[in-house]
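Chemist: I need the structure of the sequence given here:
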Amino acid sequence: MTERPPERVRVSGPPRRRSGDPVLPRGRQIDAETRLGAIYLGSLLREQLRLALLSLAALLVVLGGLPLLFWLRPGLAEVRLLGMSLPWLLIGVAAYPFLVLVGWRYVRAAERNEADFADLVETVERR
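Modeler: Presented below is the predicted three-dimensional model:
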């Protein structure tokens, strides 16, 4: 019986990646819920939260500040414009277009954040 030579084995160095995450494109990193994907998604969520808090702050300052303004300056309550008292005109009428404006700007900025995020993910996937 003839003896067979030992089977060849390819020897390579230690793995170069120290992370346990597999090498995936960014979009798949998010879908696979890897640590890198969590970082990308976390950055988008932080940006959206910042935007929401800024919008809320604008609403609180402007709409919450109107009653405070009329309480601090009671003479403004006597001012009449277009046959209506100024507090009624500002709080009862002008507040609604302001709410629409803040909502519109919020939606536009949120969509822009999401589009920027999608561009970031797609740009790196193409590399």
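
Chemist: where are the low-confidence patches of the protein?
Modeler: Flagging of the chain using pLDDT under 70 yields the residue ranges 1, 11-34, 36-37, 124-127.

Chemist: quick one: the strands in it?
Modeler: Taking DSSP state E to define them, one finds strands in the chain at 80-81, 84-85.

Chemist: and the biggest helix by length in the chain, what does it pack onto?
Modeler: In the chain, assigned by DSSP state H, the helix with the most residues is helix 35-72. Secondary-structure packing of helix 35-72 (3 or more CB pairs under 8 Å, 6 or more residues apart in numbering; DSSP states H and E): helix 26-31, helix 86-87, helix 95-126. Any C-beta I mention is one placed from the backbone N, CA and C, and that applies to glycine too.

Chemist: quick one: closest of these to residue 69.
Modeler: Closest of those to residue 69 is helix 86-87, at 9.0 Å (criterion: CB to CB).

Chemist: now render the helices and strands packed on helix 35-72 as a markdown table, adding mean neighbour count and distance to residue 66.
Modeler: Converted to a markdown table, those look like this (neighbours: other CB atoms under 10 Å; distance: least, CB to CB, whole Å):
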| stretch | mean neighbour count | distance to residue 66 |
| --- | --- | --- |
| helix 26-31 | 17 | 43 |
| helix 86-87 | 16 | 7 |
| helix 95-126 | 13 | 8 |
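
Chemist: residue 77: which of those helices is closest?
Modeler: helix 86-87 (5.4 Å).

Chemist: returning to what we had before: can I get the helices and strands packed on helix 35-72 in CSV including distance to residue 2?
Modeler: Converted to CSV, those look like this (distance: least, CB to CB, whole Å):
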stretch, distance to residue 2
helix 26-31, 50
helix 86-87, 105
helix 95-126, 53
